[in-house]
Structure formats: C-alpha cells, structure tokens
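[1] Here's a sequence, model it:
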Amino acid sequence: MRLSNDKKLGRAFTLVELLVVISVIGLLMGILVPVLGKARGVANRTYCMANLRQIGVAIRSYLDDNRDIFPLCSAMPWEFPDSNSSDYVPPITKVLGPILKEPKVFICKVYKATPPYYLRYGKTSYWYSGIRLIGPPGLAGRTLSQSFLVQAGVKEKDIEVMSDFDPVHPGKTGAYGNRKGQKNYLYADWHVSNYMKQE
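    Residues are numbered from 1 along each chain as shown. Next comes the predicted model:
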C-alpha cells in the first residue's frame, strides 16, 4: 500500500505559525538583551572593585615599607611623561608594578573595547590621589595625617586614594543624580565603594 505524498512529507508550518514563532523569539530577545547588558555592567563593576582592592593591598604593603608615606606618583600618568626631566614623577603603575606583578589590575574591563588616550600613555584607567599640575596636593609623598584633607577634618572613610578616571559604570551620579555613569573608589580606610560623598 502506497502512502500519499502528504503523509510522506509530514505536516509543514503555515506562514502564520512561522510569523508567530519569529515574533515570540523577537519578544524574548527584546526582554533578554537589556538584562544581559545590565549583568555585564554589574560584572565589570565587580571586576573593577576587585582591582581596586588589590591595588589597596599593594599600597598598604608600600606604606609598611616606607614609614606610612604614600607613593610619590603623579595623579594622572600622562602629566609627567618625560623620564629624563628633572621634575619627572613616575606613574603609580611603575611604583606598584613590582608589588602587584599583574599589569591588568590597573585596567578596568570597561576600557577593553576602546582604550582612551590616558590608557595608552599611563597604562592605567585609574586616577591616583597624587601629585597634580593643577589643584590641591594629593596624598603623594606624605603620610595620611599630613594630608590637607585630614587637617581639614575629612575622615579616612571619605578620603579618596584611587578611583576610575571616568564615570564608566552604570548608574547616576552628581548632587541631583543628573550625570550618567558612576566611578568606583578606593578610600583611605581601604574600603571600596561606587559612591563618593563629595560628589
């Protein structure tokens, strides 16, 4: 007995069924893509905070070996680029590099896709409270108690030692939450947070 052509081929999808399947897949993608993007942002922030914790351990190790005097480094590594100059100040990566032995600790994962100019020059995406060309002096070359912030009455838990250079992490910042993006901060009491009281 011969089977008819319909039974041999089996039942095919109709155009309406195909459109329903495509629209359900599109709806699921619309729901999942933002969730996955948010999860990536949280993962990058966590990775960045872990970097700052490791840098904090390295700075404490440096302080133990140097009578609690913070590394004499530039706040922004590209400000003092000429190592032959008399006013040369090394970047924090050069001083802490031998302690950490992991250059990737100085770079937040957010910058992997499009490295900004300061990452190319300074090999770090973090800002150090060090020597600055403009503005108040940082912690570099002095003990915490000698810093102008402690002398002005700012508590250790509010004194920034290092932070992301740019507000690259998801969230709002600023006095009224009107600026897009947040930074991670390493404070002088060695905790890491994405919030800064002075903002």
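[2] And the helices in this structure?
    5-9, 15-65, 92-100, 117-122, 148-151 (DSSP state H).
[3] Quick one: those helices as JSON lines, columns for mean neighbour count and mean pLDDT too.
    Heads up, the C-betas are built off the backbone N, CA and C, glycines and all. Rendered in JSON lines, the data for these read as follows (neighbours: other Cβ atoms under 10 Å; pLDDT from 0 to 100):
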{"stretch": "helix 5-9", "mean neighbour count": "8", "mean pLDDT": "55"}
{"stretch": "helix 15-65", "mean neighbour count": "13", "mean pLDDT": "84"}
{"stretch": "helix 92-100", "mean neighbour count": "19", "mean pLDDT": "89"}
{"stretch": "helix 117-122", "mean neighbour count": "15", "mean pLDDT": "68"}
{"stretch": "helix 148-151", "mean neighbour count": "14", "mean pLDDT": "86"}
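[4] Could you say which one of these comes nearest to residue 135?
    The closest of these to residue 135 is helix 148-151. By Cβ to Cβ, the value is 11.0 Å.
[5] contacts for stretch 33-52?
    Here stretch 33-52 makes contact (Cβ atoms under 8 Å, 6 or more residues apart in numbering) with 105-110, 126, 162-164, 169-170, 184-186, 192, 194.
[6] how about 7 Å then?
    With contact meaning Cβ atoms under 7 Å, 6 or more residues apart in numbering, stretch 33-52 is reached by 105, 108, 109, 110, 162, 164, 169, 170, 184, 186, 192, 194.
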